[in-house]
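> I would like the atomic coordinates for the input below:
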Amino acid sequence: MREDRICALLEGMLSEAEEATLFAELARDARLRARFRSALWAHRILRERPQAPADFTERVMARLPLKSPKASPEGIGARLRRWWEEAWLPRPVLWRPAWAAAGILAIGLALFVGAFWPWRSAERPEARPEVLHRVRLAVPVGPAERVAVAGTFNNWSTEAWLLEDPDGDGIWTGEILLPPGRYEYMIVVDGERWMPDPAAPAFVEDGFGRRNALLVL
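Presented below is the predicted three-dimensional model:
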């Protein structure tokens, strides 16, 4: 029955009292939060799935290049025979002692450099790029003027990461790139109401009688 209430929440069919009860159950039950996250992502994907226009197939087929005609076996054979005959034609070769001496000197220099140059001492380990994780939040806040995410990753700022609700369904979303680590965060509604993320995988006490959402990357 709780799954039915999750679907009703996503469709906007619960009253404020029923939403508050469901959010309290989500905060207590980790398995229910996992089912809520799965239902929430499925709901967003189905709503945001783009629809292809009716003439999509015809336009794609019209842009495909025409197949180029294959060369006939006779043309390829004649070309190969011409190349073979030209390879055996006699050609004059100009030879000068200075060119030979320069070539021998260049080869000797290359062998010397390859044998004695300290290549390994000059090698430096390449710096590995920092690994960043894409974090996406979708928080069912409801009607609000402004929703922010404050946490240890932005010094609990209420301005650094703002969520959006473009379709007005009460589910505020946003993305951020974070390096690996352990982060605590809260959802700030209209700059005054602080609440934990009901879909967070875990929570920790903040030492002031409240709980922060916990994110481990």
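
> now the end-to-end length of stretch 154-168.
Start-to-end span of stretch 154-168 (Cα to Cα, to the nearest Å) is 27 Å.

> what is the mean pLDDT for it?
Stretch 154-168 comes out with an average pLDDT of 91.

> how about that stretch: buried residues?
154, 158, 161, 163, 165 (16 or more other Cβ atoms under 10 Å). C-beta: built from backbone N, CA, C; applies to glycine.

> to which secondary structure element is the residue nearest the centre of the chain assigned?
Nearest to the mean C-alpha position of the chain, by Cα atoms, centre = their mean, lies Arg134 at 6.5 Å. Element membership of Arg134 [criterion: DSSP states H and E] is strand 133-140.

> sheet partners, orientation included, of that strand?
strand 171-178 (antiparallel) (DSSP bridges).

> now do the strand it pairs with: distance to the chain's middle.
13 Å (Cα atoms, centre = their mean, to the nearest Å).

> please export the C-alpha coordinates of that strand as CSV.
C-alpha atoms of strand 171-178 as CSV (Å, rounded to 0.1, in the frame of the first residue of the first chain):
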residue,chain,number,x,y,z
ILE,A,171,9.7,18.0,-7.6
TRP,A,172,12.9,20.2,-7.6
THR,A,173,15.9,18.8,-9.4
GLY,A,174,19.5,19.7,-10.0
GLU,A,175,23.0,18.3,-10.8
ILE,A,176,26.5,18.9,-9.4
LEU,A,177,30.0,17.4,-9.9
LEU,A,178,31.8,16.3,-6.7
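
> just the strands in this structure please.
133-140, 147-151, 171-178, 182-189, 193-195, 202-205, 211-216 (DSSP state E).

> out of the ones you listed, deepest packed?
strand 147-151 (a mean of 22; mean count of other Cβ atoms under 10 Å).

> quick one, that strand and strand 211-216 angle?
Angle between the axes of strand 147-151 and strand 211-216 is 70 degrees (criterion: axes from the mean of the first three to the mean of the last three Cα atoms, to 10 degrees).

> need the strands of the chain in CSV (columns: mean pLDDT and distance to Glu11).
What follows is the strands of the chain, written out as CSV (pLDDT from 0 to 100; distance: least, Cβ to Cβ, whole Å):
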stretch, mean pLDDT, distance to Glu11
strand 133-140, 90, 12
strand 147-151, 93, 21
strand 171-178, 92, 11
strand 182-189, 92, 22
strand 193-195, 90, 22
strand 202-205, 90, 27
strand 211-216, 89, 25
